[in-house]
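1. Sequence first, predicted model second:
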Amino acid sequence: MERHRKTNDKDHVIFGVEPTGHYWLNLAYFLTAKGFDFVLVNPMHVKKSKELDDNSPTKNDTKDAKVIAQLIKDGRYSVPNLLDGIYAELREGVKVRDQLTKQLMITEGRIQNIIQRYFPEFFDVFKDWEGKAALCTLKLFPFPSRIKEMTPEEVLAEWKPFVQRGVGIKKATKLVETAKKSVGIQVGITFAKREMDCLLEQYELYNKQLEKLDQDLEALVETIPGAKEMMAIKGLGATTVALLYAEAGDITNYSHPQQLINLAGLSLHEHSSGKFKGQTRITKRGRSRLRRALYLAVRPLVAHNPTFKALHRYYTKRPDRPLKKQQSLIVLCCKLLRVFFVIGNKQCEFDGSKLLRGLPQLETLQAA
């Protein structure tokens, strides 16, 4: 780089890359720490513009480098939001949480797979396999071949050290009778039991790790100015606030809430030409994890927070251009981002009346 800079008599250098996977991150942090300008080129732009010069779909490293350089020269790049400090810690923590959640869901699915194969009538006795009595049964005697050899009194005696309430002789009798009528698989029991034991150990381990991780994330996010005021909003949890800061970084670095909306991929776009006008949709060009977190946060807000419940009712019931329920939820995601922007910059408490101010039917909304 220095040799090319001196040869071409330049006094400023911009490093630009096409981000693929995680391979650009260490280079970005390294060059930024050295004081160089580092920018990203959208891979989709590279793919769509590579035929402009030679009208050929040919792809190789030399051509890609030239296309990337041309895009940077034209100013078609973005500056990456490289997090540091507490925000970098939150991003790593949230990533670990997503991985644990995914592994937990896989483990739960495999446990249910074994139950459905070897004891499909299990759910006639227990509504949920994650209950105390159901988990105890899966650990001690998960298959009908063992249960049908026991008496209800023996089953109840095995339960009592682990489950103090909610089970009795009636439940034990039903379990034994159901096991005698089971149509589950009768072969491969030994290693199926071992597989069940391994999966239950993984299930408990992932739950403990998630619980500890959530506690650490909550303790960490509480140290950020404005985070406590966000978590004080009725219906909002600490996980959502942690996800916000993990994806967006320091909110005070943003000058307008629309930047957060664009970052989440919630800005609108439409396809129209001449007399044709297509539907308006969100772009989904942004951080999908942030968009998902906002959507999952808005649903309980609509159910439990009076302000968001009133707004949702207004958007879906207004006489002029009422929105569908899903459209209303997306609008409320943008509203929530604006609330986060204000609280993050001013460290003020949430005031629901300000969100309702200026809307038609204000008195009805406030009454609701």
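-> Yep, it's here. Numbers count the residues shown, from 1 in each chain.

2. Only C-alpha atoms from now on, for both contacts and neighbour counts.
-> Noted.

3. Would you check how far apart Asp64 and Glu18 are?
-> Distance from Asp64 to Glu18, counting by CA to CA, to the nearest Å: 9 Å.

4. helices or strands next to the helix or strand in which Cys333 is found in the packing?
-> Cys333 is located in helix 325-346, with elements delineated by DSSP states H and E. Judged by 3 or more CA pairs under 8 Å, 6 or more residues apart in numbering; DSSP states H and E, helix 325-346 is in contact with helix 227-231, helix 257-263, helix 288-304, helix 306-317.

5. Touching that helix from outside, list them.
-> 225-227, 229-230, 251-252, 256-258, 260-261, 266, 294-295, 298-299, 308, 311-312, 315-316, 348-350 (CA atoms under 8 Å, 6 or more residues apart in numbering).

6. Got a quick PyMOL command for the buried subset of these?
-> A single PyMOL command selects the buried members of the contacts of helix 325-346 (16 or more other CA atoms under 10 Å):
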select buried, resi 225+226+227+229+230+251+257+258+260+261+266+294+295+298+299+308+311+312+315+316+350
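
7. picking up where we left off before, the helix holding Cys333 to helix 306-317, inter-axis angle?
-> On the basis of axes from the mean of the first three to the mean of the last three CA atoms, to 10 degrees, helix 325-346 is oriented at 140 degrees to helix 306-317.

8. coming back round to it: wait, which of the helices and strands packed on helix 325-346 is closest to Glu195?
-> Of all those, helix 288-304 sits nearest to Glu195, with 32.7 Å by CA to CA.

9. how about that closest one: buried residues?
-> Counting neighbours by 16+ other CA under 10 Å, the buried set in helix 288-304 is 289-291, 293-295, 297-302.

10. One more: stretch 13-30?
-> Buried residues in stretch 13-30 (16+ other CA under 10 Å): 15-18, 28.

11. For Asp320, give its distance to Arg313.
-> Going from Asp320 to Arg313 by CA to CA gives 13 Å.

12. Looking at these two, which one has more neighbours?
-> In terms of neighbours (other CA atoms under 10 Å), Arg313 is the more surrounded of Asp320 and Arg313; the figures are 18 against 8.

13. Give me the neighbour count for Leu205.
-> Residues near Leu205, counting by other CA under 10 Å: 14.

14. And the helix or strand containing it, what's buried?
-> Secondary structure from DSSP H and E places Leu205 in helix 189-221. Using 16+ other CA under 10 Å as the test for burial, helix 189-221 gives 193, 196-197, 199-200, 202-203, 206, 210, 213-214, 217-218, 220-221.

15. Low-confidence stretches in this protein?
-> Low-confidence segments of the chain, defined by pLDDT under 70, are located at 358, 360-368.

16. now the strands for it?
-> For the chain, the strands defined by DSSP state E cover 14-17, 37-40, 268-269, 272-273, 276-277, 281-282.

17. Out of those, which is the most enclosed?
-> Ranked by mean neighbour count, the strands of the chain are led by strand 37-40 with a mean of 18 (mean count of other CA atoms under 10 Å).

18. Which neighbouring elements make contact with that strand?
-> Right, strand 37-40 is packed against strand 14-17, helix 25-33 by 3+ CA pairs under 8 Å, 6+ apart.

19. Parallel or antiparallel, which strands does the shortest one pair with?
-> Translated: strand 14-17. strand 37-40 (parallel) (DSSP bridges).

20. Pull up the overlap in contacts between Asp64 and Glu18.
-> Common neighbours of Asp64 and Glu18 (criterion: CA under 8 Å, 6+ apart): Val46.

21. Could you find the closest non-adjacent residue to Arg110?
-> Counting by CA to CA, 6 or more residues apart in numbering, Arg110 lies nearest to Leu199, which is 7.6 Å off, once chain neighbours are set aside.

22. sorry, that was for Ala246
-> Per CA to CA, 6+ apart, closest to Ala246 is Arg91, 4.2 Å.

23. Spit out the contact partners of the one you found.
-> Contact partners of Arg91, counting by CA under 8 Å, 6+ apart, are 243, 245-247.

24. isn't Asn262 right up against Leu290?
-> No. Look at Asn262 against Leu290 with CA atoms under 8 Å: they stay out of range, at 11.0 Å.

25. What lies in contact with stretch 65-83?
-> Residues outside stretch 65-83 that contact it (CA under 8 Å, 6+ apart) are 16-18, 29, 38-42, 46, 49-50, 249.
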